[in-house]
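# any chance you can model this:
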Amino acid sequence: MQPVAVQPFDSIAARAVARELGAALRGARIEKVFQPDRLELALVLRGRGRQQVLLSARGPFSRVHLTERKLAAPARPAGFVMLLRKYLEGGRIREVAQPGLERVLAFEVETRDDLGDPAIRTLVAELTGSHSNLVLLGGPWQAGAPILAALRPVTAQMSRVRQIEPGLPYEPPPIDRDRQDPLTGDPLAALAVPGSLAKALQGRFHSLSRHAIAQILQIAGLAPDRPAAGLDAAERDRLVAAWTAAMAALHAGAFFPRLVVGQPWDYALLPPTLDPVPPTAEGAAASRLLDGYYRDRWDAQVAEGLRAQISRRIADEVAKVDSRLDQARQTVARAESADEYRRWGDLLLTWQNAVPGGAAEASLADPATGATVVVPLDPSRSVADNAQRHYRTYKKYLAARRIQESMLEGARAEAAWWRDRQADLDRAENLADLRALEAAVSDEPAAAGAGRPGQDAGPERYRSADGLEILVGRNNRQNDLLTGRLARPEDWWFHAQKAPGSHVVVRAPSATAHLPEKTCLQAALLAAWYSKARTDTRVPVAYTRRKYVRRKPGAAPGFVTYDHERILLVTPDSADLAGILRLN
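Modelled structure (predicted):
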């Protein structure tokens, strides 16, 4: 599985968040500290209303910002959180600072020590990708402050350059002294370096990500892959102007948070032009952008991992079912010879007086066909005993065949169940769909037939062009719930014909209500789109009243039969679906 691409939280984002948090949190009281995830921390503060800050040290998702998300606290807090509660809860935010233009945010907190005397504690968020960390200091933010605790302690065995352990003096993340500070440096000094313009600037200045440099070059109208040494006078002037405008915005704390489409970056905070219109959004605009962006990217990452996990589970189960099917087919094939044993027994009893004693076989004429049949014998047994022995073998094979045929039918049903789960996986569009499917494939299929309660969000709801409600089951459980419990007898039921897919129900105002043509077409489009036949040019969709739909006895959830159906041919198209109003 390939990880989801995510734009790193760089020094520009840190500067924007520091500006927001400094204005929003100064003087706010820390009411609660908890750890929603192993590498994430949340601060609940009370100042100008209740606010919540998320601090994440999760690799490429490392970041700090305000969040309105509902974060759950674990039942058993970790030791790091217990120390933070001891030292920070009840304290007030004194300052939120970003040293220089680094990916570091320091929360200085006014609190009291064990004796009740005023004290300063600092929570430092080092947002340096895979080395991100959260560190608690026993004093103001500065080099040499004693370390009280760390989310990820770094021992001498782990790093000879910089250790982070309780009792050691704190050393900030090192800065490359061979490179210049972008806030005070001259971009033209980078033009003498061989290579592309973007790499030359990144090699000359510390603290700027490649995304930030690419955005500045876009403002200047310069391609990042341009040779650094090949700029003419006008291009140099544009570079200086764009650089100056970007650094001035950083000095002034003026940011322009926006999502971007069609660029090498996903979001931007720097000015979009040399002379931008001042942003009108106040408050936590950058935090709202970053919270939504990283939440969506993390959900996508989790969804990809879950999709791969479910795919492996389905593939494993399909392989097991296929193996059982092969074994059952072979056993049934062997049992086909059962009739031959019955025939031998009948012939021995018919011709028992003509069979010589002590023979190993006998050639007997079949009265039904006139053909000569060679019947094997046990020389030590009588003719009657040999006949009974063949009858017993016939009954044994017959019983085995019945058992294997029953097992074969069950294996076929189970194989169909897993094919439907693969269809569910193919049409799963979001994390909620995948979590519902994960719960479904964690249960035993076919035989058990029941899902775990309370783990499904329920069918999706749409409004047709005629104002009628359309319900769509997105997996086997939702299909079973929709058709078996939610749909009324007079409602209309749709399903792609001979293809695994969603059950679609149109709510009928009354038992005699006519099904409007537009609604019928839209419901059929939904049934075709959410089926295995989505990519087909023409999909036959069957529809009938719900009262003509019946669940197969003993079948897995979602398996039904129906009659009184009509067929509508539709072409699945996302553009047509866009005209259907989704309600949830």
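# confidence score at the residue nearest to the spatial centre of the chain?
Nearest to the geometric centre of the chain sits residue 303, at 0.8 Å (CA atoms, centre = their mean). pLDDT, residue 303: 92.
# for residue 100, same thing?
For residue 100, pLDDT reads 89.
# just residue 194 next, same as before
The predicted local confidence for residue 194 is 85.
# now do residue 502
The model reports residue 502 with a pLDDT of 90.
# could you pull up phi and psi at the closest residue to it other than its chain neighbours?
Of all residues not flanking residue 502 in the chain, residue 530 sits nearest, at 3.8 Å (CB to CB, 6 or more residues apart in numbering). Every residue, glycine included, has its C-beta placed from N, CA and C. Note on residue 530: its backbone torsions stand at phi -100, psi 50 [degrees, to the nearest 10].
# rewinding a little: neighbours around the nearest residue to the residue nearest to the centre of the chain once chain neighbours are set aside, how many?
For residue 303, ignoring the flanking residues on the chain, the nearest one in space by CB to CB, 6+ apart is residue 431 at 4.6 Å. Using other CB atoms under 10 Å, residue 431 is surrounded by 19 other residues.
# now swap in the one 4 residues further on and tell me
A total of 18 residues lie near residue 435 under the criterion other CB under 10 Å.
# just the element for it, please.
helix 431-442 (DSSP states H and E).
# list the helices and strands that helix packs on?
For helix 431-442, the packing partners by 3 or more CB pairs under 8 Å, 6 or more residues apart in numbering; DSSP states H and E come out as helix 285-335, helix 383-427, helix 476-481.
# least confident of those helices, on average?
helix 383-427 (a mean of 82).
# how far does it sit from the chain's center?
39 Å (CA atoms, centre = their mean, to the nearest Å).
# and residue 536, that's in a strand?
No - counting by DSSP: H, G, I helix; E, B strand; the rest coil, residue 536 is not found in a strand; it is coil.
# give me the distance between the residue nearest to the centre of the chain and residue 315.
Distance of residue 303 to residue 315, given as CB to CB, to the nearest Å: 18 Å.
# name the residues that touch the helix or strand following the helix holding residue 435?
The helix or strand immediately downstream of helix 431-442 is strand 460-463, counting by DSSP H and E. Strand 460-463 is contacted by residues 469, 470, 471, 472, 474, 522, 526, 580, 581, 582, 583, 584 when judged by CB atoms under 8 Å, 6 or more residues apart in numbering.
# and the host helix or strand of the third one, which strands flank it?
By that I understand residue 471. Residue 471 belongs to strand 469-472 when assigned by DSSP H and E. Paired neighbours of strand 469-472 in the sheet (DSSP bridges): strand 460-463 (antiparallel), strand 504-506 (antiparallel).
# list the contacts of residue 180.
189, 204, 205, 206.
# buried ones only from these, please, as a ChimeraX command.
Here is the ChimeraX command that picks out the buried ones among the contacts of residue 180, judged by 16 or more other CB atoms under 10 Å:
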select :204,205,206
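# quick one: the contacts of residue 180 as CSV, columns for distance to residue 71 too.
Shown next, in CSV, are these (distance: CB to CB, whole Å):
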residue, distance to residue 71
189, 45
204, 40
205, 36
206, 33
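# can I get the contacts of residue 180 in a markdown table including distance to residue 37 and pLDDT?
Formatted as a markdown table, these follow (distance: CB to CB, whole Å; pLDDT from 0 to 100):
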| residue | distance to residue 37 | pLDDT |
| --- | --- | --- |
| 189 | 43 | 90 |
| 204 | 37 | 92 |
| 205 | 34 | 93 |
| 206 | 30 | 93 |
